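J.: any chance you could fold what I've pasted below:
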Amino acid sequence: MSRQVIVSGNWKMHHNHYEAIQFVQKLAALLRTSPLPAGRQATLHPTFTSLRSVQAAVESDAVPVLLGAQDCHAEDRGAYTGEVSAEMLSKLNVSYVIVGHSERRAYCGETDEVVRAKLDAVLRHSMTPILCVGETLEQRQAGDAFAKVSSELAAALGKRPSEVVGALVVAYEPIWAIGTGQSASSSDAEEMAAYVRREVARLAGGEAAVSIRVQYGGSVTPESAAELLACDNVDGLLVGGASLDADSFAAIARAGS
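T.: As a prediction, this is how the structure comes out:
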């Protein structure tokens, strides 16, 4: 079955808006010289302060990437100092929003209930959530990796229509491999991606399991990207540090073609 591969660059708290514009200009030149392969989609997730600048740069240069955000609030508006709503993001032509990243769960105390509410908000404004799930090193060593991923999937995706679940993206991010330079092996990534698909089938049916896209995220590099994308159940990559350099991100986005 042919599939659409999605490679997403999560800049986290890097690149001010000047640096973001320079990145997009360089990426535009790289992709004009060597375009993305057919069936490949790339998304950029800059900081909130750079979103408008990246939007303008992408649209003015017709760069073949989609705009993404790193997070949103669950409510559309209200007295939530410092927060940004999904409604606001949608007005900037944001297409994808990361939900439930492990850093938000760990550092900001986001519970499964908060993650589900944010996913609701993204869907409410016709954007696509990238739902992050994954286990810590301690959970993996204790044999609890699958149980952890299963519980996060059930909390976010349970009791949703099959067609809604099937249109989402799930990013498996082993927490022990994020920003550590230690990447899960391709067999680890494939094993968990296949498990995610089986759990989606249990929660929302076989059609959803076939159509949902499963990314791997965790210290992805240009050197590891092709092997990861060759896995049968890995439909894309959620890239952190390696997405901060245009050459590196372009190489990952084109990997395996």
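J.: can you give me the buried ones in stretch 230-243?
T.: Residues of stretch 230-243 classed as buried: Cys231, Asn233, Val234, Asp235, Gly236, Leu237, Leu238, Val239, Gly240, Gly241, Ala242, Ser243 (neighbour count, 16 or more other Cβ atoms under 10 Å). No exception for glycine: its C-beta is placed from N, CA and C like everyone else's.
J.: the first one touches Ala189, doesn't it?
T.: Yes: if you go by Cβ atoms under 8 Å, Cys231 and Ala189 touch, sitting 5.8 Å apart.
J.: pull up the distance across stretch 102-117, start to finish.
T.: Stretch 102-117 has its terminal residues 16 Å apart, counting by Cα to Cα, to the nearest Å.
J.: ok, stretch 80-100 next?
T.: With Cα to Cα applied, stretch 80-100 spans 19 Å between its terminal residues.
J.: how about Glu207, secondary structure?
T.: The three-state assignment at Glu207 reads helix, by DSSP: H, G, I helix; E, B strand; the rest coil.
J.: for His45, see how far away it is.
T.: For Glu207, the distance to His45 under the criterion Cβ to Cβ, to the nearest Å works out to 28 Å.
J.: who's more crowded, these two?
T.: Neighbours around Glu207 and His45, counted as other Cβ atoms under 10 Å, are more numerous at His45. The numbers are 27 against 14.
J.: for stretch 218-231, list every residue counted as buried.
T.: If you call a residue buried by 16+ other Cβ under 10 Å, then stretch 218-231 has these buried ones: Gly218, Ser219, Val220, Thr221, Pro222, Ser224, Ala225, Glu227, Leu228, Leu229, Cys231.
J.: switch those residues over to TSV; also include pLDDT.
T.: TSV is the format used below for the buried residues of stretch 218-231 (pLDDT from 0 to 100):
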residue	pLDDT
Gly218	88
Ser219	87
Val220	93
Thr221	94
Pro222	96
Ser224	94
Ala225	96
Glu227	96
Leu228	96
Leu229	96
Cys231	96
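J.: what residues does the helix or strand of the chain with the lowest mean pLDDT touch?
T.: One helix or strand of the chain scores below all others by mean pLDDT, DSSP states H and E: helix 137-141, with a mean of 90. If you take Cβ atoms under 8 Å, 6 or more residues apart in numbering as the criterion, helix 137-141 is touched by Ala145, Lys148, Pro174, Ile175, Trp176.
J.: what comes up buried for that helix?
T.: Taking 16+ other Cβ under 10 Å as the basis for neighbour counts, the residues of helix 137-141 that come out buried are Gln139, Arg140.
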